[in-house]
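> Below is the structure, and that's it, no one-letter string:
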C-alpha cells in the first residue's frame, strides 16, 4: 500500500505487517479502565478507520501496541497510541535529525522501551501534518520505534494515533479533570 500525503510517501507492506500481528497477537494487555474501554469502543469507529488499518495489514484495532488514555471531554475520552507496520517513509519529511547509534534500552521490567537503528536519520512527521481518517481520528508516521518487539523487522514504521471515543464501560470514567 502506498500512502501519499503532501510530499511524504509511506509504503506499507500489508502482508508482512499482517504476518507480524498474526504471530504476536495482542501486544498491549493493560487492564486499566481506559484501555479496556478502548478495546470495547473500537468497534464504534467509522468504517473508514477500520478499512485504512486493514489495508495496512492490521485487521483488528484492539491489537494496538500502546494505548494512552488522556482526558474525558464532552462525553469522549481522548486517546493517543501507536501501531507498528512494516514499511518505508521518504520525501517531504518536515523534521529530520541525525541520531547517533545506540543499543536498545529496557524498562525496569525488562521490556524493550525504545530503539533507533544504529546510525540513521530520524524521520518524523510532526503532529501539524496529521491525516484525519475520520472526525476526531488522526494519524501521523515516524520511523523511530517505541516499545519494539525483539523480532520486529528492520524496516518498521510507527503509526501514531490520536482519537476520541465514547465511554462505553458500565463503570465511572476516572479520566476527568
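Right, received. Where do you want to start? Since the model is a prediction, treat every value here as computed from it, not as a measurement.
> so what secondary structure elements neighbour the longest strand seen in the chain?
With secondary structure taken from DSSP state E, the chain has its longest strand at strand 76-90. The elements that strand 76-90 packs onto, with contact taken as 3 or more Cβ pairs under 8 Å, 6 or more residues apart in numbering; DSSP states H and E, are strand 8-12, helix 14-24, helix 33-41, helix 47-56, strand 66-73, strand 156-166. For glycine as for every other residue, the C-beta is placed from the backbone atoms N, C-alpha and C.
> who wins for proximity to residue 172 among the ones you listed?
Set against residue 172 and scored by Cβ to Cβ, those come closest in helix 33-41, at 8.5 Å.
> got a list of contacts for the closest one?
Applying Cβ atoms under 8 Å, 6 or more residues apart in numbering, the external contacts of helix 33-41 come out as 28, 62, 64, 67, 69, 77, 79, 165-169, 171, 173-175.
> again, only this time at 6 Å
Contacts made with helix 33-41 from outside it, assessed by Cβ atoms under 6 Å, 6 or more residues apart in numbering, are listed as 62, 67, 69, 165, 166, 167, 168, 169, 175.
> separation between the second one and residue 54?
The reference is to residue 67. According to Cβ to Cβ, to the nearest Å, residue 67 and residue 54 sit 19 Å apart.
> For this protein, which residues score under the pLDDT cut-off?
Counting by pLDDT under 70, the chain has low-confidence residues at 6, 26-27, 92-129, 176-177.
> starting at the chain centroid, how far to the longest strand of the chain?
Taking Cα atoms, centre = their mean, to the nearest Å, one finds the center of strand 76-90 at 2 Å from the center of the full chain.
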